[in-house]
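S.K.: Everything below, folded, please.
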Amino acid sequence: QVQLVESGGGLVQAGDSLRLSCAASGRTFSDYHMGWFRQAPGKEREFVAGIMTLGGRTYYGDSAKGRFTISRDNAKNTGYLQMISLKPEDTAVYYCAVGRGSFSFPDKGGYDSWGQGTQVTVSS
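M.R.: All right, here's what the predicted structure looks like:
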């Protein structure tokens, strides 16, 4: 199983940028697709972005399109989520997750491992 640790969250102001990182260990990171999700208080966990094993194709949820960019560096066993023009409604705990094989990126049930999450708070 892959162990995932997110970092890079924090308190920022509206309009600021953040880059989240997801460090993987335990198995070959490049064998796994990777996704980012977020969960705000009282809400369902929401798909943000996904990237295939070799980084060739990316997918975004509606809330992320145009502002967030997912990427990965398999040599460093690390995935990233670059976020710009942050809004207060982006406030949430952000999670990375990995899965293998054929699955739908927005489907939470398709992932094999999850990180513990990193808090992002955007003040207005």
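
S.K.: Grab the most central residue of the protein for me.
M.R.: Trp36 (2.3 Å; CA atoms, centre = their mean).

S.K.: model confidence over stretch 3-14, on average?
M.R.: Throughout stretch 3-14, pLDDT has a mean value of 98.

S.K.: got it, and stretch 112-124?
M.R.: Across stretch 112-124, pLDDT averages out at 97.

S.K.: With only the CA atoms kept, save it in CSV.
M.R.: Taking C-alpha atoms only, stretch 112-124 is exported to CSV below (Å, rounded to 0.1, in the frame of the first residue of the first chain):
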residue,chain,number,x,y,z
ASP,A,112,-6.6,2.6,-2.8
SER,A,113,-4.9,5.0,-0.4
TRP,A,114,-5.6,8.4,1.1
GLY,A,115,-3.5,11.0,2.9
GLN,A,116,-4.5,12.6,6.2
GLY,A,117,-5.3,15.9,4.6
THR,A,118,-4.0,19.5,4.8
GLN,A,119,-6.1,22.5,5.8
VAL,A,120,-6.5,25.4,3.5
THR,A,121,-8.2,28.5,4.8
VAL,A,122,-8.9,31.5,2.6
SER,A,123,-9.9,34.7,4.3
SER,A,124,-11.9,37.4,2.5
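
S.K.: mind listing what Gly61 touches?
M.R.: 46-49, 106 (CB atoms under 8 Å, 6 or more residues apart in numbering). Quick note: C-beta positions are derived from backbone N, CA and C, even for glycine.

S.K.: Sort out which residues of stretch 16-36 are buried, please.
M.R.: Of all the residues in stretch 16-36, those buried under the rule 16 or more other CB atoms under 10 Å are 18, 20-24, 27, 29, 32-36.

S.K.: just curious, which of those is nearest to Gly101?
M.R.: Gly101 has its nearest neighbour among the buried residues of stretch 16-36 in His33, at 8.4 Å by CB to CB.

S.K.: What does the pLDDT read for that closest one?
M.R.: Confidence at His33, expressed as pLDDT, is 95.

S.K.: How about the one 3 residues further on?
M.R.: Per-residue confidence (pLDDT) for Trp36: 98.

S.K.: Sweet, I'm off.
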